[in-house]
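Asks: Could you look at this predicted model? Sequence included:
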There are 2 protein chains.
Amino acid sequence: MSGKTSKAIFLKAYPAGMPEPAGFEMRDIDVASPGDGEMLCRTVWMSVDPYMRGRMRPEVKSYIPPFSLDAPLEGGAVSEVIESNNPNFQPGDYLVDFAGGWKEYYLTKGERTQKVDPNLAPLSSYLGVLGMPGMTAWAGVTQILKPKEGETMFVSGAAGAVGSVVCQLGKVKGCRVIASAGSREKCEWLEKEAGVDVALNYKDYKNAGQLTKALAEAAPNGVDCYFENVGGMHLEAALNCIGFGGRMALCGMISVYNNKEAEPGPPNLTNMIGRGVMARGFIVSEYMDKAMEFAGEVAPLLAQGKVKFQESVYEGLDKAPEAFIGLFKGENFGKAVVRVGPDRA
Amino acid sequence: MSGKTSKAIFLKAYPAGMPEPAGFEMRDIDVASPGDGEMLCRTVWMSVDPYMRGRMRPEVKSYIPPFSLDAPLEGGAVSEVIESNNPNFQPGDYLVDFAGGWKEYYLTKGERTQKVDPNLAPLSSYLGVLGMPGMTAWAGVTQILKPKEGETMFVSGAAGAVGSVVCQLGKVKGCRVIASAGSREKCEWLEKEAGVDVALNYKDYKNAGQLTKALAEAAPNGVDCYFENVGGMHLEAALNCIGFGGRMALCGMISVYNNKEAEPGPPNLTNMIGRGVMARGFIVSEYMDKAMEFAGEVAPLLAQGKVKFQESVYEGLDKAPEAFIGLFKGENFGKAVVRVGPDRA
């Protein structure tokens, strides 16, 4: 069987600040017939994630190489196998892998690929609560913060794909959870659905001093665990309220990712010294050997309704840049996913 | 026996920025005769330490209360027992305690007091390499950084009481050690006596970018362990050069202690995320249950000449403010101590 033509999104230039739609271009690419050991896959859902911004900054040393300007972008996706010369995968199988994003069709040898069951959970959830963001949340909570019952946890970016799972794991562990998100609607969902104790709409606070005051009121015994997704005034407020022996899981600092000029860090890092605070930056891949443990803990919580999730669905591959840019504008609620093709072909 | 008159140093007002000699005052105080369980002690050596600046900032929540303006300052000292109503201590005993600094005579119940042997090591060393600064260095290295043989360690404030011990423990653990200090003389001592691999005179570098370049050259495989005494451009350079899985022990940030306006933190904290870096602030009291382990490891290294030390000696109690202020001006080399009275009465 001959190859296919696929639409795919290219990056035209590395963005200097906030990415713009004009920086992306949808082009047609040829996808050859699968060779020995290869399979042809059709992308069903693709993921947009904040870490991708880091791959658009080629001058910074990081844990993954920057995107190439001469090839389609790539990222996590749920795909259906169309043709297979790989004995481990059959046509009709669904899988999650890290090559399928930003395109309709692609070839893979299935090396960074995992089969998923479309009957067990919605396919898109394998990009969110049961996928990389959920695993990120779980790793930060269980491997870094290690909250004890009765402790207070503060979560920034709390309505996002990672933060929303952090909040709910915090509640499962018996913590008082203070969440910060960027709209009244998000805060309502966090308090009513996700069960956090207090949700702060950070847009009500003009600076770190105001946010500190609100956080201190919501956390009268201080913050024991801080899960950092945002940076900036959130980190400063957390450092003001953190208690003796506090822990901070540094997962992201989305507020600074698009700055053209490096933004200074918080002026109160010395609080870490007097209060014996530990901060640990991390990327989820470090904990991949614990993926089964994650699934074993979070999948039942999802089934029991103890972990809920929200999705922002963008329809069509051409909407992928908009979905990605929305990450940095606080426009997405829960996990942002793009439906590239129908669930069942 | 009736009481004694003692000279003692008082703080007249909390300093707004860099402390000044005029902010201190030597006054005569009456020291009563020791009551039941008490002893009268004579201060031989007193310690000045950077943490004392934090006790002059009453508005900041910390692990120890601020100094009172209506009482003599206090701090670590080596003292001789003159009279004793405490069965555990006899006249002529020498001890280290946390009440004896900044005065000639004082009463104590011996609750935060440890006997020391004047024949085993110089009495002043119990305030330095065998005392709190040495224990701080040991705790940061062994309990936080946990360096592996062949790793690279970067130490700021490396010629100070803590830093100089950190450097030498790093060498004992088999690390490549890069030290930063503030004069050519200090750098020479670090390379020739303390045995570090490269000593950088930070005064040769105007900003974090220049210091980063020098550090990157000295640490071609990146920095695995960073011992932070200074803050500011040192922390920024360390974060630029830190490798994947790096650890940072945050012991002090002396460059920012006297700022009137809070100084922003480093703009590159996001490096902690992509590189999986752990930072841990600490104060030595957290590890006091390991004091015997510290003494068991460091005292033999001192005896074997594998750990050397320098002292800046100030003669006379009236020089104590000058010794203290010198801490923040980089004027002291090694441990700063004040001789309050003769070693043997």
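Replies: Thanks, I have it. The structure presented is a predicted model; accordingly, all values stated were derived computationally and were not measured.

Asks: so what's the spatially most central residue of chain A closest to, chain neighbours aside?
Replies: By CA atoms, centre = their mean, the mean C-alpha position of chain A lies nearest to A:Pro133, the distance being 4.2 Å. Nearest non-adjacent residue to A:Pro133, counting by CB to CB, 6 or more residues apart in numbering or on different chains: A:Ala161, 3.7 Å away. Just so you know, the C-beta spots here come from the backbone N, C-alpha and C atoms, and that holds for glycine as well.

Asks: That neighbour contacts A:Ser124, correct?
Replies: No: with contact defined as CB atoms under 8 Å, A:Ala161 does not count as touching A:Ser124 (10.9 Å).

Asks: quick one, what contacts A:Cys32?
Replies: Wrong residue type there; residue A:32 is Ala, not Cys. If a contact means CB atoms under 8 Å, 6 or more residues apart in numbering or on different chains, then A:Ala32 has A:Gly3, A:Leu107 as its contacts.

Asks: re the thing from before, check the gap between the residue nearest to the centre of chain A and chain B for me.
Replies: Taking CB to the nearest CB, to the nearest Å as the measure, A:Pro133 falls 15 Å from chain B.

Asks: which other residues reach the helix or strand containing that residue?
Replies: Per DSSP states H and E, A:Pro133 falls inside helix A:132-139. The contact list for helix A:132-139 (CB under 8 Å, 6+ apart) reads A:47, A:49, A:76, A:127-128, A:160-166, A:169, A:227, A:251, A:282, A:284, A:286-287, A:290-291, A:294, A:297-298, A:335.

Asks: In helices, which of those residues fall?
Replies: Mapping these onto helices (DSSP state H) picks out A:Gly163, A:Ser164, A:Val165, A:Val166, A:Leu169, A:Ala291, A:Phe294, A:Glu297, A:Val298.

Asks: quick one: pLDDT of the nearest residue to A:Gly140 once chain neighbours are set aside?
Replies: With sequence-adjacent residues excluded and distances taken as CB to CB, 6+ apart, A:Gly140 is closest to A:Ala249, at 3.8 Å. pLDDT recorded at A:Ala249 is 98.

Asks: isn't A:Ala249 right up against A:Thr142?
Replies: No: taking CB under 8 Å as the definition, A:Ala249 is not a contact partner of A:Thr142, at 10.1 Å.

Asks: Stretch A:86-96: which residues count as buried?
Replies: Within stretch A:86-96, the residues scored as buried using 16 or more other CB atoms under 10 Å in any protein chain shown are A:Asn86, A:Phe89, A:Asp93, A:Tyr94, A:Leu95, A:Val96.

Asks: ok, the fourth one - contacts?
Replies: What it means is A:Tyr94. Counting by CB under 8 Å, 6+ apart, A:Tyr94 makes contact with A:Val44, A:Val78, A:Ser79, A:Glu80, A:Val81, A:Lys115, A:Val116, A:Asp117, A:Pro118, A:Leu123.

Asks: where does the stretch 201-345 of chain A have low pLDDT?
Replies: Within the stretch 201-345 of chain A, the stretches with pLDDT under 70 are A:345.

Asks: So which residues of it form helices?
Replies: For the stretch 201-345 of chain A, the helices defined by DSSP state H, counting those that start in this stretch cover A:208-218, A:233-241, A:271-274, A:291-303, A:320-326.

Asks: next one: the stretch 1-150 of chain A
Replies: Using DSSP H, counting those that start in this stretch, helices in the stretch 1-150 of chain A cover A:51-54, A:132-139.

Asks: Run through who's touching the first one.
Replies: In other words, helix A:51-54. Outside helix A:51-54, the residues that touch it by CB under 8 Å, 6+ apart are A:19, A:60, A:62, A:64, A:67, A:73, A:75, A:252, A:257-258, A:283, A:324, A:327-328, B:274.

Asks: farthest pair in those residues?
Replies: Across the contacts of helix A:51-54, no pair lies farther apart than A:Pro19 and A:Ile283, at 20.7 Å, counting by CB to CB.

Asks: Up against chain B, what does the stretch 1-150 of chain A have?
Replies: Proximity of the stretch 1-150 of chain A to chain B (CB under 8 Å from any CB of the partner chain) is limited to residues A:Gly54, A:Val60, A:Lys61, A:Ser62, A:Tyr63.

Asks: of those, buried ones?
Replies: Buried among those by 16+ other CB under 10 Å: A:Gly54, A:Ser62.

Asks: Go through the residues of the stretch 1-150 of chain A next to chain B and name the one nearest A:Glu191.
Replies: Distance to A:Glu191, by CB to CB, is smallest for A:Gly54 among these, at 31.8 Å.

Asks: so can I have a markdown table of the buried residues of stretch A:86-96 showing distance to B:Ala32 and pLDDT?
Replies: What follows is the buried residues of stretch A:86-96, written out as a markdown table (distance: CB to CB, whole Å; pLDDT from 0 to 100):
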| residue | distance to B:Ala32 | pLDDT |
| --- | --- | --- |
| A:Asn86 | 88 | 96 |
| A:Phe89 | 87 | 96 |
| A:Asp93 | 87 | 96 |
| A:Tyr94 | 84 | 96 |
| A:Leu95 | 82 | 96 |
| A:Val96 | 77 | 95 |
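
Asks: Strands - which of those land there?
Replies: Residues of the buried residues of stretch A:86-96 located in strands (DSSP state E): A:Tyr94, A:Leu95, A:Val96.

Asks: which strand residues sit across from the first one in the sheet?
Replies: According to DSSP bridges, the partner residues bridging A:Tyr94 are A:Glu80, A:Val116.

Asks: what's the distance between it and B:Ala299?
Replies: Separation of A:Tyr94 from B:Ala299 (CB to CB, to the nearest Å): 64 Å.

Asks: And for the last one?
Replies: Relative to B:Ala299, A:Val96 is positioned 57 Å away (criterion: CB to CB).

Asks: next one: the second one
Replies: Noted for A:Leu95: a distance of 61 Å to B:Ala299, by CB to CB.

Asks: For the residue nearest to A:Asn332 when sequence neighbours are not counted, name its beta-bridge partners.
Replies: Residue nearest to A:Asn332 in three dimensions, not counting chain neighbours: A:Ser312, with 4.1 Å by CB to CB, 6+ apart. Residues in a beta bridge with A:Ser312, per DSSP bridges, are A:Ala336.

Asks: Was I right to think A:Ser312 contacts A:Gly330?
Replies: No: at 11.0 Å, A:Ser312 does not count as touching A:Gly330 under the criterion of CB under 8 Å.

Asks: for whichever residue of the stretch 51-200 of chain A sits closest to chain B, phi and psi?
Replies: Per CB to the nearest CB, A:Ser62 is where the stretch 51-200 of chain A lies closest to chain B, at 4.6 Å. Main-chain torsions, A:Ser62, degrees, to the nearest 10: phi -140, psi -180.

Asks: Double-check it against B:Ile273; I have them as touching.
Replies: No: the criterion here is CB under 8 Å, and A:Ser62 misses it with B:Ile273 at 9.4 Å.

Asks: Can you pull the residues that touch both of those two?
Replies: In contact with both A:Ser62 and B:Ile273: no residue, using CB under 8 Å, 6+ apart.

Asks: The helices of the stretch 201-345 of chain A: which one's closest to chain B?
Replies: Using CB to the nearest CB, those put helix A:271-274 closest to chain B, at 3.2 Å.

Asks: got a list of contacts for the closest one?
Replies: With CB under 8 Å, 6+ apart, helix A:271-274 has contacts from A:239-240, A:242, A:277, A:279, B:54, B:60-63, B:250-253, B:279-283.

Asks: Can you flag the buried ones in these?
Replies: Buried by 16+ other CB under 10 Å: A:239-240, A:242, A:277, A:279, B:54, B:62, B:250-253, B:279-283, out of the contacts of helix A:271-274.

Asks: Restricted to strands, list those.
Replies: Cross-referencing the buried ones among the contacts of helix A:271-274 against strands under DSSP E gives A:Ile242, A:Ala279, B:Leu250, B:Ala279, B:Arg280, B:Gly281.

Asks: which residues touch the fourth one?
Replies: I take that to be B:Ala279. If a contact means CB under 8 Å, 6+ apart, then B:Ala279 has A:Met272, A:Met278, A:Ala279, A:Arg280, B:Arg247, B:Met248, B:Leu250, B:Met272 as its contacts.
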